[in-house]
Structures are given as C-alpha cells and as structure tokens.
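sequence isn't available, so here's the structure alone:
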C-alpha cells in the first residue's frame, strides 16, 4: 500500500489506538471527525458532518486505504425508534458520504475496510458460524446487513473491500468490558439469563492487526469474522473476569425476563448467542496473540491486584 490511510471513528475506543499502530509503521493517517481534537501522535484531523453531507475533501487526498469505523454506539441508550434510526443511518449515510466524495473527486482508494458485527448471524449455541452462515432478522442483524450493503458501490467501482464482522472487543479504557467489570469490582458478578449464550470476543490488539493486515495485503478481500479462536459462554466469561478482577464477587443470576424489562429490545446485545468461527482469517496466515480469554484478560489486567 501507499503511505496514507483515512480513518473514520478515529477518536473512538478502537480507532484511537489503531491510529498509533499505523503511525508506528510510518503510514500517515487522516482522520474524519465531527470535532477536531489536538493531534497527539502526528495524525491529521479533518471535519465532516454526516447529517449535513459535508466532508473536507482535503482528507481524501492521496489516500490508499479507508477504514470506516464511525457509527452511533449501539449500547449508549434504549432503542427507541429515534435511537434505532440514528444507529442505522449513522452507518449507511456515512458510507454513502465517503463513496460520493471519492466519486466527486474522480478517484477511488485501492482498499476499503468497513467494520460490521457478528450480530449479523442468527443467534446460535451450536456449530460456530462461518461467513456464509444464515443471517438473522434482529435489529443488530439488520444494521450490519445495511452497513455492508452500503459499501457495495466501492466494490462495483473496482475497489478491494474487506468487511470485518467483529465480536466483543476487549481492551483498556473503553468498550463493553468497561461496563461488565464495574459490578465485579464492587462484589457482584451478574449472570444474565441462564448464561449459556456465547460471546465471541477479540482482544483489541488482535483486531488492530487484522485491520492492518487487510490494508496491506492485496490478496485479502470479502467478509472475515474478526473474533478470537475460542468463544466462551456468558457464564464462562463472567467466571474468568471474576477470577481475574475480584475472586470474592458473588454470582447473581438475573432472569431473562428481568433483563428484557430493563433493556427492552436492546437486551438482544447480551442475550443473543454468538458462536462465531475465525477459520477464514486464520487460513490467511493471521496469528492471534490472544487465542484464549484468559490470555486477553491477563494482558488487560496485568497490574490488577
């Protein structure tokens, strides 16, 4: 690849540290953001506003690869009809804005990589889903389907596209783990439902390395499940987290009906089972640094007493 990547969502949990990875590899980074922060590492920020359809064209100059991470947080508030529209449109409209801007400028990037989610598949507890597994009909499935479909014009224009269906991302200072660990620290380890639903997870460093591999390797294209090789049940996840953070925390089962009352339709995030295979990305030669949940948590909480 050339020496410039354009990232959306670069100020978020995943994008913020991904920027550092590219810069450490002598690849310059342009970031599209609604707000322009002070550059910390040498990245350059450019303004865009998806709702108004504006994107600073200077951000697109000499860009070889695009990594599209931007989208409204699916777990920040209850899923009202307004919130659901925001979640969906923030992904599809931003993708369209990226494509339309490149088209207006008269050129396309060599590579386009978009985030997606493992919620695209039907909920399952049995054989791990590969990329051609049946897709679901939940709101999360609909969002991922629409997000991927919005990127098809890039493919039709001859751009090499990668779609990374990502599981729960584990890392410091953000993501779902930050919420899950709080009650454990205070002595409660909540088990949601019966705890048999699968969680397909990935350490943030491994996810970063998949993005970088897709950007650099011209042979990679299509859909990849961005998850670690060993999914665990929710019960197993909370057991491992409790052992690592506060072994004295008390397990408390929260019935499915209560979870649904508390979260409404958003309960799908924690109750649906995502047993997902990473066989396809492994077959490309990718090597995970954190293949087990214990390894991932050990790295994250290495200084935990």
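On my side now, so go ahead. None of these values were measured; they are calculated from a predicted model.

which neighbouring elements make contact with the worst-scoring helix or strand of the chain on mean pLDDT?
The helix or strand of the chain with the lowest confidence, counting by mean pLDDT, DSSP states H and E, is strand 124-129 at a mean of 87. Strand 124-129 sits against strand 274-276, with contacts defined as 3 or more CB pairs under 8 Å, 6 or more residues apart in numbering; DSSP states H and E. From N, CA and C alone the C-beta is placed, and that goes for glycine too.

contacting residues around the residue nearest to residue 236 when sequence neighbours are not counted?
Using CB to CB, 6 or more residues apart in numbering and skipping residues adjacent in sequence, the residue nearest residue 236 is residue 293, 7.5 Å away. Residues near residue 293 by CB atoms under 8 Å, 6 or more residues apart in numbering: 201, 228, 230, 232, 236-237, 240.

let's see that with 7 Å instead.
Neighbour list for residue 293: 201, 230, 232, 237, 240 [criterion: CB atoms under 7 Å, 6 or more residues apart in numbering].

circling back to that earlier point, can you pull the buried residues of the least confident helix or strand of the chain?
124, 128-129 (16 or more other CB atoms under 10 Å).

what is the burial count for the nearest residue to residue 59 once chain neighbours are set aside?
The spatially closest residue to residue 59, leaving aside those adjacent along the chain, is residue 46, at 3.6 Å (CB to CB, 6+ apart). Using other CB atoms under 10 Å, residue 46 is surrounded by 17 other residues.

how near is residue 191 to residue 258?
For residue 191, the distance to residue 258 equals 12 Å [CB to CB, to the nearest Å].

between the two, which one's more packed in?
Counted by other CB under 10 Å, residue 191 and residue 258 do not tie: residue 191 has more neighbours, with 17 against 13.

sec struct for the more buried one, please.
strand (DSSP: H, G, I helix; E, B strand; the rest coil).

contacts only, for it.
Neighbouring residues of residue 191 by CB under 7 Å, 6+ apart: 234-235, 238, 251-254.

of these, which pair is most distant in space?
Greatest spatial distance among the contacts of residue 191 (CB to CB): 234 and 252, at 13.2 Å.

looking at the two, which one has more neighbours?
Comparing residue 234 with residue 252 by neighbour count (other CB under 10 Å), the higher total belongs to residue 234, at 21 against 11.

quick check, that one in contact with residue 200.
No: using CB atoms under 7 Å, residue 234 is not in contact with residue 200, being 11.4 Å away.

which parts of the stretch 51-200 of the chain are helices?
81-105, 139-150, 152-156, 175-185 (DSSP state H, counting those that start in this stretch).

ranking the ones you listed by burial, who's on top?
helix 139-150 (a mean of 19; mean count of other CB atoms under 10 Å).

run the angle between that helix and helix 81-105 for me.
Inter-element angle recorded for helix 139-150 and helix 81-105: 10 degrees (by axes from the mean of the first three to the mean of the last three CA atoms, to 10 degrees).

so for helix 139-150, mean pLDDT?
With pLDDT averaged residue by residue, helix 139-150 scores 97.

need the residues that contact stretch 129-147.
Here stretch 129-147 has contacts from 79, 84, 87-88, 91-92, 95, 114, 116-117, 119-123, 165, 223-225, 265, 268, 272, 275-277, 279-280, using CB under 7 Å, 6+ apart.

what do you get for stretch 88-97?
Under CB under 7 Å, 6+ apart, the answer for stretch 88-97 is 8, 50, 53, 55, 68, 70-72, 114, 143, 146-147, 150-151.

repeat that for stretch 208-227.
1, 5, 17-18, 21, 65, 67, 111, 113, 118, 131, 160-167, 200-202, 207, 276-278, 280-281, 284, 286.

restricted to strands, list those residues.
Among the contacts of stretch 208-227, DSSP state E puts 5, 65, 67, 111, 113, 160-166, 201-202, 276 in strands.

just name the closest of the residues you listed to residue 244, please.
Nearest member of those to residue 244, counting by CB to CB, is residue 201, at 13.9 Å.

contact partners for the nearest residue to the closest one once chain neighbours are set aside?
Distances taken as CB to CB, 6+ apart put residue 168 closest to residue 201, at 4.3 Å, once the chain neighbours are dropped. Contacts of residue 168 were listed using CB under 7 Å, 6+ apart, and they are 176, 199, 201.
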